[in-house]
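Peer 1: Coordinates only, no sequence provided:
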């Protein structure tokens with residue numbers, strides 16, 4: 001197909017639709033009329049010879065062909081934006097909107113305390129943070145980057161391991177004073193353990209696994225509190241409502257201050273890896289690089305870090321996502 005300079009403009013309209021989620025928001029962002037947006041999409045579809053968007057009165061979504069095309073052009077558009085920014089010698093090379101798909105644990109415990117500092121560091125950047133437990137389709141939903149626990153699925157996404165952490169079993173001093181501190185994982189059966197529902201099945205994650213050397217102990221726990229998101233777990237635990245099993249990263253301050261106590265320090269829980277995933281090649285857009293570098297700065301760099309632009313297929317054990 002012969003290159004037509006107008007393709008770039010039409011592709012920009014497609015990107016605005018994906019990022020905004022509708023023709024109306026794309027029109028507002030680009031300063032166009034809705035009919036102008038529709039004409040640009042029609043010209044683009046005519047150029048490539050396939051339908052790129054499924055449109056209804058209530059929603060718009062990429063077709064399979066549109067998803068494939070956007071997956072290829074999205075990083076290129078970011079690269080063009082970076083090139084213009086650098087050429088113009090702007091005081092802040094990192095700018096625009098950064099759309100994040102992150103786990104609820106990362107959002108509330110790991111990033112939220114540093115969000116103000118990140119925005120202060122990059123004053124021309126805005127954040128749209130979507131906290132959820134499923135990765136979904138980053139390209140089709142217009143996300144720039146995802147931060148999630150669990151090994152990444154086989155895909156064209158670039159994956160970067162940020163850290164590895166383990167689960168820790170914690171309780172408040174008030175709870176321990178009233179009900180005692182378990183000395184062995186098996187004693188958890190007599191305690192009120194705060195339950196978290198599996199994001200996929202909806203069932204409580206009752207089986208808690210512990211390791212000591214080569215010894216593995218699995219305990220079926222019960223409790224009077226069941227939650228669907230991470231936030232209430234820590235709140236209920238601090239209030240003395242029960243024992244909780246959570247990821248150790250992000251709890252350093254609560255443990256150091258004594259507000260929470262590791263009740264089974266000799267029995268480490270399961271390990272989890274935190275990954276950053278983003279579409280495109282091994283060289284992400286400036287705003288994506290800035291976010292990854294900031295996260296690594298705040299949470300620390302793991303040992304033997306590996307970065308893969310072609311991740312191998314690794315199944316995610318969803319039952320172990322906490």
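Peer 2: Arrived safely, thanks for sending. Fair warning: this is a prediction, and the values are worked out from it, not measured in the lab.
Peer 1: What strand or helix carries residue 277?
Peer 2: Element membership for residue 277 (DSSP states H and E) is strand 271-278.
Peer 1: who does that strand pair up with?
Peer 2: strand 145-149 (antiparallel), strand 158-171 (antiparallel) (DSSP bridges).
Peer 1: Tell me which of those strands is the most buried.
Peer 2: strand 145-149 (a mean of 24; mean count of other CB atoms under 10 Å). Backbone N, C-alpha and C define where each C-beta goes, glycine included.
Peer 1: So what touches it?
Peer 2: 98, 100-103, 105-106, 111, 135, 138, 157, 162, 247, 272-278, 284, 288, 291-292, 295, 321 (CB atoms under 8 Å, 6 or more residues apart in numbering).
Peer 1: what's the burial count for residue 252?
Peer 2: 9 (other CB atoms under 10 Å).
Peer 1: show me the contacts for it.
Peer 2: Here residue 252 is in contact with no residue (CB under 8 Å, 6+ apart).
Peer 1: Run through the helices of the chain in chain order.
Peer 2: 6-20, 23-30, 34-48, 64-87, 104-105, 115-121, 173-179, 231-238, 252-256, 286-299 (DSSP state H).
Peer 1: possible to save these as CSV with mean pLDDT and distance to residue 148?
Peer 2: CSV is the format used below for these (pLDDT from 0 to 100; distance: least, CB to CB, whole Å):
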stretch, mean pLDDT, distance to residue 148
helix 6-20, 78, 21
helix 23-30, 83, 26
helix 34-48, 84, 32
helix 64-87, 72, 19
helix 104-105, 84, 9
helix 115-121, 93, 18
helix 173-179, 96, 30
helix 231-238, 88, 17
helix 252-256, 88, 21
helix 286-299, 90, 12
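Peer 1: out of those helices, deepest packed?
Peer 2: Highest mean neighbour count of the helices of the chain: helix 104-105, a mean of 21 (counted as mean count of other CB under 10 Å).
Peer 1: Format the helices of the chain as JSON lines; extra columns: distance to residue 195.
Peer 2: Converted to JSON lines, the helices of the chain look like this (distance: least, CB to CB, whole Å):
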{"stretch": "helix 6-20", "distance to residue 195": "37"}
{"stretch": "helix 23-30", "distance to residue 195": "39"}
{"stretch": "helix 34-48", "distance to residue 195": "47"}
{"stretch": "helix 64-87", "distance to residue 195": "37"}
{"stretch": "helix 104-105", "distance to residue 195": "16"}
{"stretch": "helix 115-121", "distance to residue 195": "29"}
{"stretch": "helix 173-179", "distance to residue 195": "16"}
{"stretch": "helix 231-238", "distance to residue 195": "9"}
{"stretch": "helix 252-256", "distance to residue 195": "20"}
{"stretch": "helix 286-299", "distance to residue 195": "27"}
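Peer 1: No further questions, thank you.
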